[in-house]
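*Asks:* I would like the atomic coordinates for the input below:
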Amino acid sequence: MTFPSLTDQPGALETATLIREGRLSPSEATDRAIARIEARDGPINAVVVRDFDRARETAKAMDGQTPLPHQTLFGVPLTIKESFDVAGLPTCWGLKDHAGHIAQADAAVVRQLKAAGAVMLGKTNVPPGLADWQSFNPLYGRTRNPHHVDRSAGGSSGGAAAAVASGMVAAEFGTDIGGSVRVPAHFCGIWGHKTSWGLVSSEGHTDPAFADRGRHDGALNVAGPLARNAADLAAMLELTATIPLRRRDKPLETMRFLALLDHPASPIDDDVRQPIEAALNVLHGVGASVDVGYTDLPDLAGDHAAYLKMLNITMARGAPSPGGHQASAADWFDLMDAQARCERSWARLFESYDFVLAPPANILAFPHRNEPLFRGEIAINGEERDAAEGLAWAGIATFPNLPATVLPVGASGDLPCGMQVIGPRWSDFDCIAAAEAIGARLHG
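*Replies:* Numbering: from 1, shown residues only. Sure thing, here's the model as predicted:
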């Protein structure tokens with residue numbers, strides 16, 4: 001089982017430990033990260049808004065200081081997805097009409113990371129309106145997959161995943177409504193976590209067209225971390241979670257898994273199926289319970305249809321569809337009812353299983369396109385299919401507001417493949433811990 005790796009750079013917690021032990025100063029850590037970005041980012045184009053001068057000033061002011069107990073990331077240089085506000089930097093969501101929008105204050109997540117001692121280097125690339133599985137826009141150009149520059153790094157947190165995978169930074173924060181953390185992690189061979197809806201604040205993550213209305217993202221959308229290991233994911237979540245969560249300490253061998261590799265709305269390509277099946281075989285071999293069939297699944301087809309309707313209304317803020325239909329309040333309440341039924345059906349499933357294992361997407365990183373992926377078709381085992389079908393694999397966790405951790409499980413050729421570990425709502429740390437235990441077995 002192969003695991004393509006692009007860097008041996010230390011992770012976020014490891015960097016923080018080096019700084020605490022006096023083996024690295026915040027200025028040295030920051031200068032090295034900037035040097036990596038300048039050396040590596042040319043063909044990748046991930047860090048598209050650079051704030052190096054302020055970062056150096058911030059780090060220099062930290063030199064010689066003793067970190068406070070809560071400063072878990074003291075001196076650690078990070079970037080943030082372009083769609084999060086950072087005071088003094090542009091927030092345009094890849095939209096040319098908003099190129100001049102400069103944030104006046106930091107987003108909540110940015111404030112939390114800075115309070116923990118992180119040094120912000122700049123912002124990473126996104127697709128226009130955060131609405132694609134590639135990060136390509138008329139302002140900042142195209143982000144390329146660091147494993148294979150002819151392919152997508154994913155979206156909408158594609159710049160974030162590419163920066164982490166290539167070792168430019170140790171960790172990042174993205175957002176996810178249609179797989180926007182999970183798919184880039186899957187495409188780039190790193191770890192990502194979609195949080196339970198409502199766990200992390202979305203303050204300061206607002207479409208610039210509506211920034212003056214004080215709006216935060218509503219239904220479905222969440223913020224979540226990306227990193228190269230599970231410990232950094234958990235640390236980033238610990239710093240940004242708005243409520244305390246329970247944690248279970250359960251050995252891998254006693255966990256009950258349901259593997260979901262088939263969806264009525266979206267078949268998966270064999271290049272995705274084979275690495276995941278190989279991972280499932282390893283879990284079988286260590287004694288974990290892994291079922292591949294279940295007779296009382298949620299209504300995957302019906303839930304997917306409702307999810308797509310809610311997703312489209314949310315992304316468009318209720319504007320009419322291309323066909324001219326505008327959702328009514330009654331339409332929205334019907335969708336909320338469908339979402340509640342979906343939540344209950346998944347809660348029943350988790351009475352029998354600890355976690356569900358599933359692909360984050362139906363494909364691996366795909367060749368670059370000059371139009372949004374979801375307007376075209378993709379080949380699944382040689383058959384051309386509607387590309388939007390792939391959103392079904394994001395929706396199985398998004399629509400019922402569930403947490404999901406993506407870990408790398410292997411590769412097909414030189415393209416990484418991930419797997420998502422989905423758990424009950426508010427079991428975020430348990431999902432990360434289960435993914436870490438799986439990863440330890442896979443990596444030997």
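*Asks:* Report pLDDT for the spatially most central residue of the chain.
*Replies:* The chain has Val181 as the residue nearest its centroid, 1.5 Å off, counting by CA atoms, centre = their mean. As predicted, Val181 sits at a pLDDT of 98.
*Asks:* Over to the one 10 residues further on?
*Replies:* Model confidence at Trp191, given as pLDDT, is 98.
*Asks:* Would you check that my belief about it contacting Ala227 is correct?
*Replies:* Yes: contact criterion CB atoms under 8 Å: Trp191 and Ala227 qualify, at 5.2 Å. In short, each C-beta sits where N, CA and C put it, glycine included.
*Asks:* any residues in contact with both of those two?
*Replies:* Counting by CB atoms under 8 Å, 6 or more residues apart in numbering, the residues touching both Trp191 and Ala227 are Leu233.
*Asks:* related to what we said a few turns ago, pretty sure the residue nearest to the centre of the chain is in contact with Glu172, am I right?
*Replies:* No: contact criterion CB under 8 Å: Val181 and Glu172 do not qualify, at 9.3 Å.
*Asks:* what residues are shared contacts of the two?
*Replies:* Counting by CB under 8 Å, 6+ apart, the residues touching both Val181 and Glu172 are Ser157, Pro225, Leu226.
*Asks:* how close does the first one get to Ala116?
*Replies:* Relative to Ala116, Ser157 is positioned 20 Å away (CB to CB, to the nearest Å).
*Asks:* Same check on the last one?
*Replies:* With distances taken as CB to CB, Leu226 is found 16 Å from Ala116.
*Asks:* Please identify which of the two sits among more neighbours.
*Replies:* Leu226 (30 against 23; other CB atoms under 10 Å).
*Asks:* Just give the number of residues close to Asp331.
*Replies:* Around Asp331 there are 15 residues (other CB under 10 Å).
*Asks:* Revised request: answer the last question for Asn370.
*Replies:* Neighbour count of Asn370, defined by other CB under 10 Å: 7.
*Asks:* Okay, buried residues for the lengthiest helix in the chain please.
*Replies:* If you go by DSSP state H, the chain has its longest helix at helix 329-349. For helix 329-349, the buried set under the neighbour-count rule, 16 or more other CB atoms under 10 Å, comprises Trp332, Leu335, Ala338, Gln339, Arg341, Cys342, Glu343, Ser345, Trp346, Leu349.
*Asks:* So which of these is the closest to Gly167?
*Replies:* Minimum distance to Gly167 across these is 36.4 Å, recorded for Trp346 (CB to CB).
*Asks:* hey, where'd the helices end up in the chain?
*Replies:* Listed in chain order, the helices of the chain (DSSP H) span 12-20, 26-44, 52-62, 108-115, 158-165, 182-188, 230-240, 270-285, 300-316, 329-349, 391-398, 428-442.
*Asks:* and those as JSON lines, adding distance to Glu383?
*Replies:* Converted to JSON lines, the helices of the chain look like this (distance: least, CB to CB, whole Å):
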{"stretch": "helix 12-20", "distance to Glu383": "41"}
{"stretch": "helix 26-44", "distance to Glu383": "32"}
{"stretch": "helix 52-62", "distance to Glu383": "47"}
{"stretch": "helix 108-115", "distance to Glu383": "40"}
{"stretch": "helix 158-165", "distance to Glu383": "26"}
{"stretch": "helix 182-188", "distance to Glu383": "21"}
{"stretch": "helix 230-240", "distance to Glu383": "35"}
{"stretch": "helix 270-285", "distance to Glu383": "12"}
{"stretch": "helix 300-316", "distance to Glu383": "19"}
{"stretch": "helix 329-349", "distance to Glu383": "28"}
{"stretch": "helix 391-398", "distance to Glu383": "16"}
{"stretch": "helix 428-442", "distance to Glu383": "30"}
